[in-house]
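# I'd like to go over a predicted model; first the sequence, then the structure.
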Amino acid sequence: MKIVNPATGAVLADVPADNAKTVHAKYERARAAQPGWAARPMKRRLAAIAAFRALVERRLEDLAKTLTLEVGKPIRQSRHELKGLLGRIDFFLAETARALRDEKVFVDRAGKMEERIGHEPLGVIANISAWNYPYFVGGNVFVPALAAGNAVLYKPSEYATLTGRHITELLHEAGVPANVFVLVEGDGRTGTALLRQPVDGVFFTGSYGTGAKIAASTGRRMIKTQLELGGKDPIYVADDVDVKAAAAAVADGAFYNTGQSCCSVERVYVHERIYDAFVAAFVAEVKGMKMGDPLDESTYIGAITRKPQIAVLNKQVADAKKKGAQVLLGGTPVKGKGQWFAPTVLGDVDHSMLVMRDESFGPVIGLQAVSDEDAALDLMNDTEYGLTAGVYSASEKRAKRILAKANAGTVYWNCCDRVSPRLPWSGVKHSGLGLTLSTYGIQTFTRPKAWHLRTA
Ligand code: TXE
């Protein structure tokens with residue numbers, strides 16, 4: 001595999017991919033090593049995770065640079081992702097023992113019958129990961145999975161292979177045995193080979209299309225399958241907001257990470273009374289976002305990590321224009337070296353347009369005027385996805401009224417594009433199956449065992 005810098009087109013490395021044979025050998029090694037890892041006291045497993053955290057912190061600048069070079073993410077955002085990983089590890093370090101503690105749930109009056117819930121690791125799991133936030137989406141899986149006593153076959157996205165190597169080196173240096181966290185390198189073909197192994201669970205982050213294929217392949221095997229897929233996340237801006245502040249916050253939610261986040265704002269509905277003012281403030285905000293060399297400290301918009309996405313964005317813009325949308329900013333790829341798309345704001349859009357229906361996953365956003373909150377809610381829920389939904393309003397009551405009916409795993413009042421380790425991260429409909437983060441996202445890497453214990 002050639003690892004290419006999306007910002008320049010330069011080849012960064014040439015890496016051999018795993019094939020069916022090497023993947024199987026890796027699986028067998030992980031299978032053999034897992035019981036020993038699970039038998040270690042939890043404290044020792046957590047000590048290795050804590051050592052990994054320390055290494056990430058120490059090497060943060062290097063790791064951020066590699067991430068920026070291979071995915072085109074602005075350097076400040078790469079650092080921010082790594083610092084976020086540290087916070088998530090802190091959460092797992094603090095909560096794992098409690099979340100996985102054996103629980104006595106019943107003792108009868110005579111003290112003879114006892115019921116307990118135990119938590120056993122799943123065994124060997126496959127973690128097929130994505131490129132847009134490799135430290136976040138990977139860490140949400142491999143950190144709690146390892147802490148719970150699983151062995152992990154970790155396949156980073158082919159677009160984040162070098163970062164996958166860093167993660168593996170640091171985990172091993174931190175004391176996680178080489179056969180307990182095993183790197184599997186390659187694209188979808190290697191992913192397919194990985195899924196053919198008799199693993200005990202599959203944890204995937206990526207597109208709906210691939211997720212559906214994975215669900216079909218694991219369904220018959222009755223193994224735990226978690227799919228974190230994309231979104232078409234909406235925001236409603238009510239007419240009682242501070243227009244400038246709301247526009248700045250929503251623009252950040254739409255364009256951070258160059259719009260390549262699962263929870264990027266992808267659709268904006270604005271109350272018609274403030275629509276013109278909001279559009280003006282929003283466009284001014286986006287105009288101020290600097291696009292350029294991702295290694296430059298002042299860059300906010302980076303490169304498009306996957307080349308095929310440029311065709312997707314072109315198609316959405318052309319379709320919107322044809323159906324009457326206004327191109328308020330951008331609208332085209334940027335010529336020159338590497339893969340770039342100008343930050344694009346489309347006004348007067350509607351739900352007949354692809355840009356309001358299909359995941360954009362890039363720096364393109366549609367703004368639509370709505371007459372009231374009921375119309376906004378109907379449009380927010382008119383989607384195949386259901387990852388997040390948000391409302392900007394001065395009124396908590398109004399926001400809660402709308403968000404209670406929003407069909408999404410996560411809802412936001414006066415914020416967006418936000419993930420917390422303390423809260424479960426999950427989607428409905430095509431946004432996925434299962435969850436990560438929170439104490440549920442620790443227990444999900446175990447299977448509960450029901451103990452019925454009667455004293456003779
Ligand atoms: O995803 P894929 P890609 C969305 C986003 C993006 C699009 C494509 O819209 O533009 O998906 O991105 C592995 N069996 N999201 O190509 O193909 C693959 O090698 C087993 C949203 O990255 O789904 C990689 O490791 N594995 C998302 C992983 O699956 C297979 C983040 C994801 O690849 C496989 C990323 C197969 N048949 C993309 N085919 C989010 N939730 O944020 C591929 N893979």
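Happy to help now that I have it. Numbering: from 1, shown residues only.
# pull the contacting residues for the closest residue to the ligand within the chain.
When scored by Cβ to the nearest ligand atom, the chain has G191 as its residue closest to the ligand, at 2.2 Å. (Each C-beta comes from the backbone N, C-alpha and C, glycine too.) G191 makes contacts with I128, K155, T210, as judged by Cβ atoms under 8 Å, 6 or more residues apart in numbering.
# burial of the last one, as a residue count?
When neighbours are counted by other Cβ atoms under 10 Å, T210 registers 17.
# wait, it sits on G188?
Yes - between T210 and G188 a contact is recorded at 7.0 Å, counting by Cβ atoms under 8 Å.
# and what about the residue most central in space within the chain, helix, strand or coil?
Closest residue to the average C-alpha location of the chain: V137 at 4.7 Å, with Cα atoms, centre = their mean. When classified by DSSP: H, G, I helix; E, B strand; the rest coil, V137 comes out as helix.
# same deal with A389?
Three-state call for A389 (three-state DSSP): strand.
# how many other residues sit next to it?
A389: 29 neighbours (other Cβ under 10 Å).
# that one and V4, how far apart?
35 Å (Cβ to Cβ, to the nearest Å).
# can I get stretch 277-295 in CSV, CA atoms only?
Output of stretch 277-295 as CSV, limited to C-alpha atoms (Å, rounded to 0.1, in the frame of the first residue of the first chain):
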residue,chain,number,x,y,z
ALA,A,277,-29.0,37.7,9.1
PHE,A,278,-27.8,34.2,10.0
VAL,A,279,-26.7,33.4,6.4
ALA,A,280,-24.7,36.7,6.3
ALA,A,281,-23.0,35.9,9.7
PHE,A,282,-22.4,32.3,8.7
VAL,A,283,-20.8,33.1,5.4
ALA,A,284,-18.6,35.8,7.1
GLU,A,285,-17.5,33.2,9.6
VAL,A,286,-16.6,30.6,7.0
LYS,A,287,-14.7,33.2,4.9
GLY,A,288,-12.5,33.7,8.0
MET,A,289,-11.5,30.1,8.1
LYS,A,290,-8.0,29.6,6.7
MET,A,291,-7.5,26.7,4.3
GLY,A,292,-3.9,25.7,3.5
ASP,A,293,-0.9,23.7,4.6
PRO,A,294,-2.1,21.4,7.4
LEU,A,295,1.2,21.8,9.2
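# average pLDDT for it?
Stretch 277-295 carries an average pLDDT of 98.
# what comes into contact with it?
For stretch 277-295, contacts defined as Cβ under 8 Å, 6+ apart pick out 7, 65, 68-69, 72-75, 237, 243-244, 246-248, 250-251, 255, 268, 270, 296, 298-303, 328-329, 334, 340, 342-343, 345, 347, 367.
# could you pull up the contacting residues of the closest residue to V428 other than its chain neighbours?
Leaving out its chain neighbours, the residue that sits closest to V428 by Cβ to Cβ, 6 or more residues apart in numbering is G386, at 3.5 Å. Applying Cβ under 8 Å, 6+ apart to G386 gives the contacts G231, N407, A408, G409, G427, V428, K429, H430, S431.
# list just the nearest of the residues you listed to R29.
Of all the contacts of G386, R29 sits closest to G427, with 33.3 Å by Cβ to Cβ.
# surely the closest one and Y385 touch.
Yes - counting by Cβ under 8 Å, G427 does reach Y385; the two are 7.0 Å apart.
# need the overlap of contacts for these two.
L229, G231.
# avg pLDDT for stretch 373-383?
pLDDT averaged over stretch 373-383 gives 98.
# residues of it that come out buried?
Neighbour-count burial for stretch 373-383, counted by 16 or more other Cβ atoms under 10 Å, picks out E373, A375, A376, L377, L379, M380, T383.
# same check on stretch 122-136?
Quick answer for stretch 122-136 (16+ other Cβ under 10 Å): 122-136.
# ok, and which of those residues reach the ligand?
Among those, the ones lying near the ligand by Cβ under 6 Å from any ligand atom are I128, S129, A130, W131, N132.
# between those, which sits nearest K322?
Nearest to K322 among these, with distances taken as Cβ to Cβ, is N132, at 29.0 Å.
# number of residues surrounding M1?
15.
# got it, and the one 4 residues further on?
Residues within reach of N5, counting by other Cβ under 10 Å, total 19.
# correct me, but it touches E70?
Yes - using Cβ under 8 Å, N5 is in contact with E70, at 6.7 Å.
# now for the two: what residues contact both?
Overlap of the contact sets of N5 and E70 (by Cβ under 8 Å, 6+ apart) consists of L12.
# circling back to that earlier point, and the gap between the residue of the chain closest to the ligand and E185?
Distance of G191 to E185, computed by Cβ to Cβ: 11 Å.
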